[in-house]
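[1] Prediction below, plus the sequence it came from.
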Amino acid sequence: MGGRARAEVELEQLAQQIRYHEAAYRAGVPEIPDSEFDDLVDRYQELAEQLGVDPSERLDLQPGAEHTVGFETVAHRVPMLSLEKLSPSRRDSSGQAMPLVDQLNAWFRRRKNELEVDELPLIVEPKVDGISVSLTYARGKLQRAVTRGDGQKGDVITKQVRQLGTVALELEGVRKGELEIRGELYWPLSDFARYNATLEKPLINPRNGCAGMMKRKDPAGLEETGIRSFLYHVAWDDGVELPSTQRDVLEWLADRGGEVYSSEVFQTSSAKKALDYCENYQTRRSKLNYDIDGMVIKIDDLTLYPRLGATGHHPHWGIAYKFPPERKATKLLDIEVSVGKSGKLTPVAILEPVFVSGTTVSRASLHNFVELERKDVRIGDTVLVEKAGEIIPQVVEVDKSQRKRGARRFVPPHACPTCGTEVVREEIFVYCPNPACPDQVRERLRHFASRQAMDIDGLGEVLVDQVVDKLGVRSPDELFRLEVDDLASLERMGTKSAERVKAGLEEAKGRGLARVLNGLAIRHVGETMAEDLAAYFKTADALLAFAERYAKGDEEAIELVAPAKSSDRGVIEGLARKTADSIFLELASPAVRKVLDGLADVGVSRSVQAAEVREVAAVAGKTFVLTGTLPTLKRTEATKRIKAAGGKVSGSVSKKTDYVVAGADPGSKLDKAQSLGVTVIDEAELLELLGGQAE
């Protein structure tokens with residue numbers, strides 16, 4: 001293979017990895033730290049330049065830039081641009097590494113020259129590690145909350161922000177005009193730890209957990225997470241009297257009920273002192289109840305901002321300082337391969353134990369075999385380890401200067417290391433296709449019993465391992481066939497504990513179809529997709545019959561869930577063709593049908609429970625969109641009652657919307673509904689449609 005051909009192969013592999021990690025980032029479960037994602041992007045750009053790839057044909061390389069299906073998307077009146085960053089990898093014109101102080105001095109000189117001033121006051125603020133949010137207020141009342149998105153357009157998350165209850169819904173003393181305030185939604189460490197302790201599979205870090213929470217279509221329960229907000233910038237105002245400096249704006253926001261970090265800011269007219277403050281602030285990070293990933297240096301005088309302008313990527317009034325992650329060097333002793341519940345094979349580094357970010361690390365993810373080859377990781381190498389979000393250990397780099405003779409390359413397996421089945425490859429990933437693979441069985445049963453799925457009281461990971469290893473359980477239905485005596489025979493299990501687990505199994509039988517589907521560990525079927533499938537098909541038999549039609553290529557079935565026109569919506573919110581293929585082909589497989597039949601044999605409900613849905617004729621099958629503040633119903637209560645009556649609630653208005661329920665201060669959804677001719681009703685009319693449905 002020639003040099004160009006090798007570069008083209010590497011470029012495609014990088015594109016696949018970037019798309020995968022962007023999707024993981026948006027889902028709130030990133031597998032690599034931001035610094036490593038940046039490395040992938042830098043290499044992709046370098047190769048794209050070498051190969052002469054037209055910029056219009058390259059990937060959108062902003063993690064999280066894509067919008068979430070099911071959310072209304074709006075344009076930002078003023079783009080939400082990223083800040084220019086001080087970078088330790090930046091080099092000067094001679095190719096030498098450029099110290100951060102030189103970079104900051106150069107930026108500071110440019111700003112003073114552009115403004116033709118000798119002195120320029122700066123303000124330094126902590127950069128809270130959360131998700132950016134735009135809040136629009138009219139006459140002091142919150143009208144709309146929007147994510148950063150791609151910087152030009154973002155997703156509307158007003159109902160999620162309102163449900164949180166931590167963002168001021170009304171600015172004290174503001175009775176006229178409009179303004180847009182920008183801030184950060186963040187998850188305090190103590191609240192994140194409390195919430196994470198309730199999960200079978202912990203969230204990777206507060207920031208990405210927060211991002212995932214704010215993209216919940218049903219915001220019920222968000223107020224219990226403890227997610228909070230910091231406000232830091234007024235992007236524009238119309239008819240609102242504001243102070244002329246950034247420091248005073250922070251005080252103004254605090255006086256009107258906003259949460260700010262004005263006590264944490266530092267003012268100076270010296271670039272060096274600003275940088276010193278940034279570097280010294282690292283020692284305070286461990287004492288904060290929230291994550292910060294750096295500092296922001298801004299010009300304090302807001303009246304100068306229009307004169308400074310911006311590039312297409314960043315404004316000129318500020319620059320960011322990022323804290324370097326803690327990295328420790330250690331020896332890579334071996335590489336093992338783990339098999340996940342979906343059969344995905346993942347290389348895992350076995351390390352000489354090293355203390356990183358508060359814990360001793362002896363194992364770390366290597367992500368996938370393409371990444372392993374790209375980094376040229378070899379057994380016996382000295383590697384640098386850091387924690388993604390200071391939680392998940394990752395091998396981020398090889399210190400090749402320390403490589404010794406005899407360091408061995410790792411050859412990706414052609415057969416599953418657990419069951420010996422020949423592996424299959426899907427893009428950059430390797431899978432074991434054998435559903436009976438012991439490791440897959442173990443991981444699937446752990447997931448099936450977890451709180452997110454069947455929530456079987458007392459059946460944790462350790463006990464699952466025992467019922468697999470000592471009692472020979474291989475499928476979910478066999479869990480329900482276990483007797484008290486079987487369970488009591490296991491290590492550290494007395495009769496009372498066994499009775500508790502048996503009672504938990506009996507209770508779990510009535511969880512309903514959505515929980516069962518989530519528990520089956522079908523690729524692309526998580527909690528939300530399981531709920532949507534259950535709500536539409538109602539029973540496992542109906543779902544399996546449809547899956548069989550889909551698998552046989554029935555065009556009507558395919559068009560129903562994955563319309564050929566991208567502008568059309570299928571009956572399952574957010575289901576694209578490729579994902580639909582994966583889901584319904586797996587549902588049509590004999591292995592999945594056997595599991596579902598086995599669950600029916602032991603009395604597990606495979607239908608939507610009567611308590612979950614009691615259809616009301618005027619609502620069943622109809623799609624509703626809620627906008628504005630309803631007089632008596634909370635948004636979550638209205639959503640719950642519509643779904644319980646057999647209706648659907650969508651986050652955006654389209655031609656397929658049946659009703660828009662409008663309350664006080666409705667947003668752009670009302671305008672869109674009127675332009676499309678969609679029926680608009682108020683709360684009283686919604687309650688009339690719901691009829692005799694009990695609360």
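    Great, that's in hand. This is a predicted model, so every value here is computed, not measured.
[2] pLDDT wise, what is residue 123 at?
    For residue 123, the pLDDT comes out at 96.
[3] residue contacts, residue 174?
    Neighbour list for residue 174: 137, 139-140, 240, 256 [criterion: CB atoms under 8 Å, 6 or more residues apart in numbering]. Every residue, glycine included, has its C-beta placed from N, CA and C.
[4] now the stretch 551-695 of the chain, which segments are flagged as low pLDDT?
    566-569, 573-574, 609-613, 636, 651-652, 665, 667-668, 692-695 (pLDDT under 70).
[5] Would you map the helices across it?
    555-561, 577-587, 590-601, 635-644, 668-676, 683-690 (DSSP state H, counting those that start in this stretch).
[6] before we move on, back to that, determine which two of the contacts of residue 174 are furthest apart.
    The widest separation within the contacts of residue 174, taken as CB to CB, falls between 139 and 256 and amounts to 13.0 Å.
[7] what's the domain layout of the chain?
    What automatic domain parsing lists as the domains of the chain is 1-66, 100-322, 326-410, 438-508, 513-601, 623-690.
[8] quick revisit: quick check: of the contacts of residue 174, which lies closest to residue 646?
    Distances from residue 646 to those, taken by CB to CB, are shortest for residue 137, at 36.7 Å.
[9] Is that closest one bridged to anything, and to what?
    Beta bridges link residue 137 to residue 142, residue 179, judged by DSSP bridges.
[10] thinking it is in contact with residue 179, fair?
    Yes - contact between residue 137 and residue 179 holds when scored by CB atoms under 8 Å: they sit 5.7 Å apart.
[11] Tell me which of these two has more neighbours.
    More neighbours surround residue 137 than the other of residue 137 and residue 179, with 22 against 19 (other CB atoms under 10 Å).
[12] Spatially, what comes nearest to residue 189 if we skip its sequence neighbours?
    With sequence-adjacent residues excluded and distances taken as CB to CB, 6 or more residues apart in numbering, residue 189 is closest to residue 289, at 5.3 Å.
[13] What score does the one you found have for pLDDT?
    On the pLDDT scale, residue 289 gets 89.
[14] Could you check how many residues crowd around it?
    Applying other CB under 10 Å, we find 11 other residues in the vicinity of residue 289.
[15] Would you quantify the distance from it to residue 125?
    Using CB to CB, to the nearest Å, residue 289 is found at 17 Å from residue 125.
[16] and the next element down the chain from the least confident helix or strand in the chain by mean pLDDT?
    In the chain, no helix or strand scores lower on mean pLDDT, DSSP states H and E than helix 34-51, which sits at a mean of 72. As assigned by DSSP states H and E, the chain's next helix or strand after helix 34-51 is strand 73-75.
[17] could you say what helices and strands the helix or strand following that following strand packs with?
    Downstream of strand 73-75, the first helix or strand assigned by DSSP H and E is strand 84-86. Packing partners of strand 84-86 (3 or more CB pairs under 8 Å, 6 or more residues apart in numbering; DSSP states H and E): helix 100-115, strand 318-322.
[18] What's the local residue count around residue 679?
    Per other CB under 10 Å, the neighbour tally for residue 679 reads 12.
[19] What is the longest helix anywhere in the chain packed up against?
    As assigned by DSSP state H, the longest helix anywhere in the chain is helix 3-26. Here helix 3-26 touches helix 34-51, helix 206-214, helix 369-374, going by 3+ CB pairs under 8 Å, 6+ apart.
[20] Now the last one: average pLDDT?
    In this model, helix 369-374 has an average pLDDT of 86.
[21] again with the second one
    Mean per-residue pLDDT for helix 206-214: 85.
[22] quick check: angle from it to helix 3-26?
    Helix 206-214 and helix 3-26 are oriented at 70 degrees to each other (axes from the mean of the first three to the mean of the last three CA atoms, to 10 degrees).
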